[in-house]
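**Q** Here's my sequence, what's the structure:
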Amino acid sequence: FFFFFKQKENRDKKEEERIRKKVTSGDCDRGYESENKKEMISDIVELTNGPIDILAATQRTVRDETGAVSTFIGTTRNHFQGKQVLRLEYEAYEPMALSEMRSICAKLRLQFGSYDQTERGLADIVLIHRIGEVPVSEASVFVAVSSVHRSESLQACALAIDLIKESVPVWKKEFYVDGSSSWKENCECSLSRSSSSSSHSHNHDH
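**A** Prediction:
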C-alpha cells in the first residue's frame, strides 16, 4: 500500500508542477505568485485540534479583486439512524491527509484556472479539517474558495468537499447518548482506517 501511495504522490506532484508558479515555505501554506508580481494567491490546508474560526478562515479568501467567496461548513448532527449522537471524534493519518488536501487544491486550479494566470479563475483556497472531539453543531470541515465570478467558486467549493470525502484519510467515531460508540468508515474513501494504521506502523518499524 505504501508503494502505491508513493506512486500516486509522485503523479500528484507532477500535476501540481504544471500549474505551480511559486511555493512558499511552510507545511500548511502555499502561495502562487502572479505573472505581474503584484498579487499573491494562496492554497491553505490545515488540520486543527480546536474549533475552526469560520470568520477568520473566510477572511483569508477575501480580496478586492474578487467578486465571490463560496464556503462549505460540515457540522456534527445530533442523530444517526435513529440513535442520538453526543459527539464525534476524528482521527487522521496527518502526512497523507495534508498531501491529499494540497493535491485537491492543485486539481481545482487545473480544472478552473488560477486568477493570476487567467484573471478569471480561482483566487484563494482554504481547506481545514478538525481532528479530535467535535460536539454537536460544531464544524468539522471547512472549505472556502474565492474567484472573480461566482460560477467558478461555487463549482470549485462543491468539488472540493467531494474530493475531501473521497481521498483524504480522515475517519470519525460516533458517540451516542446511550453510551455506545461506532467507527464510521467513509464509504467514498478508498483508504480504510485499518490499512492506514498498518502502513503507518510499517513505516515506523523501518
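
**Q** after the lowest-mean-pLDDT helix or strand in the chain comes which helix or strand?
**A** Within the chain, judged by mean pLDDT, DSSP states H and E, the helix or strand with the poorest mean is strand 29-33; its value is a mean of 35. Using DSSP states H and E, the next helix or strand after strand 29-33 towards the C-terminus is strand 40-48.

**Q** Quick one: the strands in the chain, in order.
**A** With DSSP state E as the definition, the chain shows strands at residue ranges 29-33, 40-48, 68-75, 79-80, 83-92, 122-130, 132-135, 139-147, 170-176, 181-184.

**Q** how about those strands, which one is nearest residue 113?
**A** Ranking these by proximity to residue 113 (C-beta to C-beta) places strand 122-130 first, at 6.8 Å. Heads up, the C-betas are built off the backbone N, CA and C, glycines and all.

**Q** Is it correct that residue 145 is in contact with residue 156?
**A** Yes - in this structure residue 145 lies within contact range of residue 156 using C-beta atoms under 8 Å: 4.6 Å.

**Q** Need the winner for burial among the strands of the chain.
**A** Of all the strands of the chain, strand 122-130 has the most neighbours on average by mean count of other C-beta atoms under 10 Å, namely a mean of 26.

**Q** where are the low-confidence patches of the chain?
**A** With pLDDT under 70 as the threshold, the chain has low-confidence stretches at 1-39, 117-118, 185-206.

**Q** shared neighbours, residue 145 and residue 156?
**A** With contacts taken as C-beta atoms under 8 Å, 6 or more residues apart in numbering, the residues that reach both residue 145 and residue 156 are 70, 108, 122, 125.

**Q** Grab the two from those that are most spread out in space.
**A** 70 and 108 (11.6 Å).

**Q** Now for those two: what residues contact both?
**A** With C-beta under 8 Å, 6+ apart applied, the overlap between the contact sets of residue 70 and residue 108 consists of 145, 156.

**Q** Return the closest of the shared contacts of residue 145 and residue 156 with respect to residue 56.
**A** Checking the shared contacts of residue 145 and residue 156 against residue 56 by C-beta to C-beta gives residue 125 as the nearest, at 15.6 Å.

**Q** Does the closest one touch residue 60 like I think?
**A** No - the criterion here is C-beta under 8 Å, and residue 125 misses it with residue 60 at 9.5 Å.

**Q** joint contacts of these two?
**A** Between them, residue 125 and residue 60 share these contacting residues under C-beta under 8 Å, 6+ apart: 42, 44, 144.

**Q** Closest one of the residues you listed to residue 74?
**A** After measuring the shared contacts of residue 125 and residue 60 against residue 74 - C-beta to C-beta - the closest member comes out as residue 144, at 12.6 Å.

**Q** show me what contacts that closest one?
**A** Counting by C-beta under 8 Å, 6+ apart, residue 144 makes contact with 57, 58, 60, 61, 69, 70, 71, 72, 124, 125, 126, 157.

**Q** how far away is the fourth one from residue 43?
**A** Look at residue 61 and residue 43: by C-beta to C-beta, to the nearest Å, they are 11 Å apart.
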